[in-house]
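Chemist: kindly generate the corresponding structure for this input.
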Amino acid sequence: MKSLVSLWTVLAQELGVLCGVDASRDIATLSRRSEKEGDAFLRITLPTFGKAFYKALDEGRWSPSSQSMFRTASGLPVFLRGFLENIFTPDGKLMDNPCTESIGAVAQLVTVFGKIEGVCTPRRNAAAIAGYVQADEECYEWDMSNSHLLQELREVALRSVVPMLSEADWKVSQDDIVPKHGPGYTADRLLGNQKYDVGYWPAHLEARFPWSEWAIPNYRFSGVRADGLSPEGDDPERVLTPLSHVVPAKLTLVPKTMSTPRIIVMEPTALQYMQQGLLGVMVESIERSSSLIGFTEQGPNRLMARRASLSQDLVTLDLSEASDRVTFSQAASVLGCLPNLWEALTATRSRGVTLPDGNSRPVWKFASMGSAVCFPVEAVVFLSAILLAVRRHHRKVDPSFDLTWPFVRRLAGRVRVYGDDCIFPVSYHPEVVEVFTQLGWQINLNKTFAKGNFRESCGGDYWCGEDITPVRLRKPIPTTLRQVAEVQSFVAFRNQLYLAGNWRTAAFCDRILKGLFRGTFPIVEETSPALGRTSVSFQPKALGTDRYQRALTRAWVLKTVIPKNCSSETGALLKCLIAPGKSDDHLWRSGRPSAVSIKQRWIPVV
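Modeler: Numbering: from 1, shown residues only. Next up is the predicted model:
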């Protein structure tokens, strides 16, 4: 914690000089309260203050009731008052021409530690699990009582989502799908190459994607010929595992921040395998036919948010518990118009989940975070809801108005969905709020901006066209080279500070890193694999060898060890057919690194 306080002190002093503010009293306040309240002040209280600050920019006035963690005098908090007085009038009203540098400084100072990965208290973990269960129960209650909204969603989807996914529906009908395995954990505890010998294949998956056609190279390895007769001399280990038992998905808590954990649901290997194939065809079909939904590029969302911070004509909206509140019926109303794709999606869906306490329960939401198809399904449902709001808006003027595919296409550049980050015109805002509320979704008011000159989307913060995105520390400051992830994160944090113009704070980070690296922390290009410094004074020195001459430097690099992980000969053949490895040893080493260390060696600087 002392290192964090020291880092914040240097950052506050540097930003104070930039904005013409004396930050000494702010530094004293932070030192006193962090000593009294611990890390929670830096990682929870300060970011909460930041949410109130962003809403004040949106509302045009600082509301003392929006935060109670700092003393207020004459309408403004005493903490960071020097910066705030460059932004707000003494009575809390936003100035006509506030200081952009001060806005960026406040955003940087209050959010710099808000994303540090940390383990939550048991009470917060229990609250997160309870929230997950409650959201699922509310999905069931919603499905039982809102059939009229489902019909409206279906009508809109026929004119918007169906044209975007028609190619995916056709590919699924032709079984033109390439399934694959990911590197992560699964509910049935298979890792790496072991996943290619998947034994568990649930009955509802078998009905649409037979094991003998998707889980093995060809019928020779199935133990059953194409005519259904069992050949002599079968290997019992290759015969399909009985389908009578069910392996539910498994809920797990992943460290996110001190305030809340991230809830991930690990899917069974077989379901995840086919979900990845459906994800591929859905993403390809949507991104080829429309720019209203994004999956791979956040840049368009950020560009729209930046423009909107000047024009004020677009709303940036964020949802809370987004994936956990899209019900099965809502997904069915949107995607049920595509019979082949919807059949495949329901076949690969987990119907139950095991909670950390060992209890299992059915799942009423369509999918939780962890399912490969969660992201595209929620995106098309959110877009359909926005378009339903658009239709309602225009029908207030013209009752005969209805959406057409050409009209939807003309919304490109004004409507876009990336996960739960939604952007749409301000004129549709009341109807969008109405529709989202009726659908049982929770709008994150702290991250929804519609009025002022501040906009935020996909991690980019903008004020009057200026990028004021703060640099955030993602992991605790390392104290030893054994903390590999922390070292890598801190190097990236230092370089981001440098590129943002906070050179004095970057120099403070340099002193910490040089101590860890025993003085070896060279200047390198961003493309270099070395753990080094970004600098405008980059001047590589060439080191000659017998074979070539290029710029090398003595630096520290990450060394990873991929675990030994083999499959059977059948599984190895299947992997070579659908996902050939990039390395020579991919058939006996796979998965996430089992060990990561930092070693020093000569490395190219570019």
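Chemist: show me the shaky parts of the stretch 501-606 of the chain.
Modeler: 538-550, 581-582, 594-595, 605-606 (pLDDT under 70).
Chemist: contact partners for the nearest residue to T89 once chain neighbours are set aside?
Modeler: Of all residues not flanking T89 in the chain, M95 sits nearest, at 6.1 Å (C-beta to C-beta, 6 or more residues apart in numbering). (C-beta placed from N, C-alpha, C; glycine too.) M95 sits next to 86-89 when contact means C-beta atoms under 8 Å, 6 or more residues apart in numbering.
Chemist: of those, closest to A23?
Modeler: A23 has its nearest neighbour among those in N86, at 12.4 Å by C-beta to C-beta.
Chemist: just checking, the closest one touches N97?
Modeler: No. Using C-beta atoms under 8 Å, N86 makes no contact with N97, being 10.3 Å away.
Chemist: more neighbours: the two, which one.
Modeler: Taking other C-beta atoms under 10 Å, N86 and N97 do not tie; N86 has more neighbours (19 against 7).
Chemist: who are the contact partners of the more buried one?
Modeler: Contacts for N86 were tallied using C-beta under 8 Å, 6+ apart; they are 19-21, 95, 98-99, 102.
Chemist: okay, now W342: neighbour count?
Modeler: W342: 18 neighbours (other C-beta under 10 Å).
Chemist: actually T404, not the one I wrote
Modeler: For T404, the number of neighbouring residues by other C-beta under 10 Å comes to 11.
Chemist: which one is it nearest to, not counting chain neighbours?
Modeler: Counting by C-beta to C-beta, 6+ apart, T404 lies nearest to R159, which is 6.1 Å off, once chain neighbours are set aside.
Chemist: let me know how buried that neighbour is, in neighbour terms.
Modeler: Using other C-beta under 10 Å: R159 sits among 19 other residues.
Chemist: against F407, how distant is it?
Modeler: For R159, the distance to F407 equals 8 Å [C-beta to C-beta, to the nearest Å].
Chemist: correct me, but the residue nearest to T404 touches F401?
Modeler: No. In this structure R159 lies outside contact range of F401 using C-beta under 8 Å: 11.9 Å.
Chemist: tell me the pLDDT of L403.
Modeler: L403 carries a pLDDT value of 89.
Chemist: from S160, how far out is it?
Modeler: From L403 to S160 the distance is 6 Å (C-beta to C-beta).
Chemist: where do the contact lists of the two overlap?
Modeler: Residues touching both L403 and S160 (C-beta under 8 Å, 6+ apart) are L387.
Chemist: the two: who's more crowded?
Modeler: Neighbours per residue (other C-beta under 10 Å) separate L403 from S160, with S160 holding more: 28 against 19.
Chemist: quick one: residues contacting the more buried one.
Modeler: Per C-beta under 8 Å, 6+ apart, neighbours of S160: 383-384, 387, 403, 405, 408.
Chemist: among these, which ones are buried?
Modeler: By neighbour count, with 16 or more other C-beta atoms under 10 Å, these hold 383-384, 387, 403, 408 as buried.
Chemist: redo those as TSV? Include distance to R518 and secondary structure.
Modeler: Converted to TSV, those look like this (distance: C-beta to C-beta, whole Å; DSSP: H, G, I helix; E, B strand; the rest coil):
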residue	distance to R518	secondary structure
L383	53	helix
S384	57	helix
L387	59	helix
L403	64	coil
V408	59	helix
